[in-house]
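Q: sequence first, then the predicted structure:
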Amino acid sequence: MADSHIVHHLSERKSVPAVEWPTLFLLVGCHLIWLMIGVFLYPVLPNVSLILLGICIAFHSSLQHEVLHGHPFRNERLNELLVFLPIGLFYPYRSYRDTHLQHHTDEHLTDPYDDPESYYRTLGDWLNLPRAFQFLLTINNTLIGRMLLGPPLNVIGFTISEWRLIVAGNRQKRMAWIMHFIGLVPVGLAIHFLFAMPIWFYALRVGYLGLALVAIRSYCEHQWSEDPDGRTIIVERSLLAPLFLYNNLHIVHHKLPWVPWYRLPELYETTREEWQRVNGGYVFPNYLAILRAYALKPKEQVAHPALHREVLLDRVVTPQALEKLESHIS
């Protein structure tokens, strides 16, 4: 693997500025624009406003991602204050932070058990699912399906897993949700009284759209590869890149997660060929190419192609699952 460019930038970690002003400016601007759209534009152009508010939520998610990686300040608590208001409603910031940082263990990328952001299932778990749920997950492996089904499937699955941990006594998860509910109070009051919009309507229209936009970025971000670096995508150019704060250049972010968003394009362009060698050529020119390839076609099977294939040997498998295994093998 040719990664001399990456090794060179490892030495730059200490050179990150104490305050990253572009990120701070965007954090302040995102909240102000969200508020102004809801207060001033929504009464005049409601349909346009709903779209713009959904874009704000997707952008806020990108900013949360920057914050959890230590931007714009070096102080974690100060950074958390900047994204304390959960305008996207559904995900507690602290839980997102913890699961995403776990996801950054590249050796475990795509592992159904060790990567909390993996969309794969183990073969055993997959075969034991009801056929109706298998169908939903298969549709969810298309880009259109991920945008339509992904938001409710992810929110419901994530919330259930979080609350199981809380019931089991996980104090860290409990505090994450307490902080989330505290942050929901001013957000809910603003939506209800300033926007004059029912909370349920905001959740189903604006929140849903924001998650659907984020799904465009996350859909192809990772694939299975024997080489951990080959598991992370490069989407070279897109009008959506600024919305995602250039996480379309995802291998650059994974190798240099402390680098702020505004440096990623330059770092990629300076040695473009080397980055593409690093990730084994897992490259798309833009998100339109991904749409053309996978709009209605699953990009791969839900069952992980390599990991935990032996799980059937040490667990109880239903007769229905054995029947599915026979058809899967054939």
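A: Structure's in. What do you need?
Q: any idea which residue is closest to the centre of the chain?
A: Centroid check for the chain by Cα atoms, centre = their mean gives Ser218 as the closest residue, at 5.3 Å.
Q: contacting residues around that one?
A: Residues near Ser218 by Cβ atoms under 8 Å, 6 or more residues apart in numbering: Glu117, Arg146. Every residue, glycine included, has its C-beta placed from N, CA and C.
Q: distance of it from Val44?
A: Counting by Cβ to Cβ, to the nearest Å, the separation of Ser218 from Val44 is 33 Å.
Q: on that earlier part again, and the residue nearest to the centre of the chain, what pLDDT?
A: Note for Ser218: predicted pLDDT of 97.
Q: what of His9?
A: In this prediction, His9 has a pLDDT value of 53.
Q: Tyr268 and Trp275 touch, don't they?
A: Yes. Using Cβ atoms under 8 Å, Tyr268 is in contact with Trp275, at 5.7 Å.
Q: what about Phe135, how many residues nearby?
A: 11 (other Cβ atoms under 10 Å).
Q: any idea which helix or strand carries it?
A: Using DSSP states H and E, Phe135 sits in helix 131-140.
Q: so which bits of the helix ranked longest in the chain are buried?
A: If you go by DSSP state H, the chain has its longest helix at helix 46-68. By neighbour count with 16 or more other Cβ atoms under 10 Å, helix 46-68 contains the buried residues 49-50, 52-68.
Q: give me the three-state assignment for the closest residue to Pro151 other than its chain neighbours.
A: Excluding the flanking residues, the one nearest Pro151 by Cβ to Cβ, 6 or more residues apart in numbering is Leu211, at 3.8 Å. Look at Leu211: counting by DSSP: H, G, I helix; E, B strand; the rest coil, its state is helix.
Q: report the contact partners of Leu211.
A: With Cβ under 8 Å, 6+ apart, Leu211 has these contacts: Ile57, Ala58, Gly88, Phe90, Gly150, Pro151, Asn154, Val155.
Q: quick one: contacts for the residue nearest to the second one when sequence neighbours are not counted?
A: In other words, Ala58. Nearest residue to Ala58, sequence neighbours excluded (Cβ to Cβ, 6+ apart): Leu213, at 3.8 Å. Counting by Cβ under 8 Å, 6+ apart, Leu213 touches Gly54, Ile55, Ile57, Ala58, Leu240, Leu243.
Q: go with 10 Å
A: Counting by Cβ atoms under 10 Å, 6 or more residues apart in numbering, Leu213 makes contact with 51, 54-55, 57-59, 61-62, 147, 151, 240, 243-244.
Q: return the member of those nearest to Trp258.
A: Closest approach to Trp258 among these (Cβ to Cβ): Ser62, at 16.5 Å.
Q: correct me, but that closest one touches Leu245?
A: Yes. Assessed by Cβ atoms under 10 Å, Ser62 is found in contact with Leu245 at 4.3 Å.
Q: identify the contacts common to those two.
A: The contact lists of Ser62 and Leu245 share Leu26, Arg217, Trp261, where a contact means Cβ under 10 Å, 6+ apart.
Q: any idea how far Val214 lies from Val16?
A: In terms of Cβ to Cβ, Val214 sits 25 Å off from Val16.
Q: more neighbours, these two?
A: Taking other Cβ under 10 Å, Val214 and Val16 do not tie; Val214 has more neighbours (24 against 14).
Q: taking helix 131-140 as reference, get the angle to the strand or helix carrying that one.
A: In this structure, Val214 sits in helix 208-218 according to DSSP H and E. Relative orientation of helix 208-218 and helix 131-140, computed by axes from the mean of the first three to the mean of the last three Cα atoms, to 10 degrees: 70 degrees.
Q: name the residues that touch the helix or strand hosting Glu266?
A: Assigned by DSSP H and E, Glu266 belongs to helix 264-270. Identification of contacts with helix 264-270 by Cβ under 10 Å, 6+ apart yields 5-6, 9, 12, 234, 236-237, 241-242, 245-253, 255-256, 259, 274-276.
Q: just the buried ones among the residues you listed, please.
A: For those, buried by 16+ other Cβ under 10 Å: 5-6, 9, 234, 236, 241, 245-253, 255-256, 259, 275-276.
Q: filter these down to the ones in strands?
A: Counted as lying in strands by DSSP state E, out of the buried ones among the contacts of helix 264-270, are Ile234.
Q: before we move on, back to that, looking at the shared contacts of Ser62 and Leu245, spot the one nearest Gly38.
A: Taking those together and measuring to Gly38 by Cβ to Cβ, the closest member is Leu26, at 18.5 Å.
Q: helices or strands up against the helix or strand where that closest one lies?
A: Using DSSP H and E, Leu26 sits in helix 21-36. Here helix 21-36 touches helix 46-68, helix 76-82, going by 3 or more Cβ pairs under 10 Å, 6 or more residues apart in numbering; DSSP states H and E.
Q: flag every buried residue along that helix.
A: Neighbour-count burial for helix 21-36 [16+ other Cβ under 10 Å]: Thr23, Leu26, Leu27, Cys30, His31, Ile33, Trp34, Leu35.
Q: alpha carbons of it, as CSV, please.
A: Taking C-alpha atoms only, helix 21-36 is exported to CSV below (Å, rounded to 0.1, in the frame of the first residue of the first chain):
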residue,chain,number,x,y,z
TRP,A,21,-13.0,29.6,12.6
PRO,A,22,-14.7,28.3,9.4
THR,A,23,-16.3,25.5,11.4
LEU,A,24,-17.4,27.8,14.2
PHE,A,25,-18.9,30.2,11.6
LEU,A,26,-20.9,27.4,10.0
LEU,A,27,-22.2,26.1,13.4
VAL,A,28,-23.5,29.6,14.3
GLY,A,29,-24.9,30.1,10.8
CYS,A,30,-26.6,26.8,10.6
HIS,A,31,-28.6,27.5,13.8
LEU,A,32,-29.5,31.0,12.8
ILE,A,33,-30.6,30.0,9.3
TRP,A,34,-32.7,27.2,10.7
LEU,A,35,-34.4,29.6,13.1
MET,A,36,-35.0,32.3,10.4
